[in-house]
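Asker: Model the following, please.
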Amino acid sequence: MRKTVVIDCFPESVSRYRDGYAIVAVDVVRATTTAISAAVCGHRCFPVATVEAALELAASLENALLAGEERGIMPLGFDLNNSPTELLARIDFERPVILVSSSGTKLCHQASKCDTAFLACFRNYRSIAGHLAKNFPKVAVIGAGSLGEFREAPGQGKMIGVLGCVAQQEGEKIFHRSPWVNLVCGSASYSKLPELLSQLEAGEKRVTGHAGAVRSLCV
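Answerer: Below is the predicted model of the structure:
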């Protein structure tokens, strides 16, 4: 049988592929990374579409963790942001995580209505790709977008980053030599990349994950 892979964007697109497709929901920068990180740690994770839905579900679960953001801001009464780094630092793995975000969890919620759905991010893409290739002839990979727009909207510009051993050794000195660089991330801080990228998308001009610390730098 001929295999088919389609690529689409936005939560509203999911309904086109409910019949016959395995849905793969992707919000690379944070939401699916946070959800996958929660599962890896042993948490049960419940992505929901809205803050109201998160609060309603929390009332029915014992000692749930509320995690997420709405337009980049952690809602009042939540325990942590939509941050895989914050989640991985916790040790209360028995607590279920209710996750909400501006775009990513809306996509996850729509995908959950389909017969077959998966969440994907940089941390699990290889295993997901292998499983899909072996078991599903028709796959729809759907990106969350950003508040109904493509992440690289006109005028948004590009992000330039320096990663790896050089970034680990040189750190913030790179910004002084190359002021057009937005991101410096040493090899010891790759796990913080989703958080760093989110800070840039939120408007920070320069961020660094060098030496295990996530910092925003004034320009």
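
Asker: didn't Val14 look like it was pressed against Ala111?
Answerer: Yes - at 5.7 Å, Val14 counts as touching Ala111 under the criterion of C-beta atoms under 8 Å. The C-beta positions use only the backbone N, C-alpha and C, and glycine is treated the same way.

Asker: list the residues that contact both of these two?
Answerer: By the contact definition C-beta atoms under 8 Å, 6 or more residues apart in numbering, Val14 and Ala111 are jointly contacted by Ile23, Ala25, Ile142.

Asker: Which one (most neighbours) among these?
Answerer: Within the shared contacts of Val14 and Ala111, most neighbours by other C-beta atoms under 10 Å means Ala25, with 30 neighbours.

Asker: Which secondary structure state is assigned to it?
Answerer: Secondary structure, DSSP: H, G, I helix; E, B strand; the rest coil: Ala25 is strand.

Asker: Counting neighbours, what do you get for the nearest residue to it once chain neighbours are set aside?
Answerer: Here the nearest residue to Ala25 in space, its sequence neighbours aside, is Ala111; by C-beta to C-beta, 6 or more residues apart in numbering that works out to 4.4 Å. Residues contacting Ala111 under the criterion other C-beta under 10 Å number 22.

Asker: Quick check: Ala111 vs Gly171, distance?
Answerer: Distance from Ala111 to Gly171, counting by C-beta to C-beta, to the nearest Å: 39 Å.

Asker: How about Val6?
Answerer: For Val6, the distance to Gly171 - C-beta to C-beta - is 42 Å.

Asker: returning to that earlier point: ok, of the shared contacts of Val14 and Ala111, which one's closest to Ser191?
Answerer: Minimum distance to Ser191 across the shared contacts of Val14 and Ala111 is 21.3 Å, recorded for Ala25 (C-beta to C-beta).

Asker: Spit out the contact partners of the closest one.
Answerer: So, once contact is read as C-beta under 8 Å, 6+ apart, Ala25 ends up touching Val14, Thr32, Gly104, Leu107, Cys108, Ala111, Ala117, Phe118, Leu119, Ala120, Ile142, Ala144.

Asker: go on, Ala58?
Answerer: Ala64, Leu66, Ile98.

Asker: What number of residues are in the vicinity of the first one?
Answerer: Counted by other C-beta under 10 Å, the residues lying close to Ala64 total 19.

Asker: In this structure it contacts Asp92, no?
Answerer: No - in this structure, Ala64 is not within contact of Asp92 by C-beta under 8 Å, at 10.8 Å.

Asker: is the residue nearest to Arg16 when sequence neighbours are not counted in a bridge, and if so with what?
Answerer: Sequence neighbours aside, Asp8 is the residue nearest to Arg16 in space, at 7.1 Å (criterion: C-beta to C-beta, 6+ apart). Asp8 has these beta-bridge partners by DSSP bridges: Ile142.

Asker: now Asp8: how far from Ala25?
Answerer: Applying C-beta to C-beta to Asp8 and Ala25 gives a distance of 11 Å.

Asker: again, but for Ser102
Answerer: Distance from Ser102 to Ala25, by C-beta to C-beta: 15 Å.

Asker: Okay, and the beta partners of Cys45?
Answerer: Val97.

Asker: what's the answer for Ile73, then?
Answerer: Glu70.
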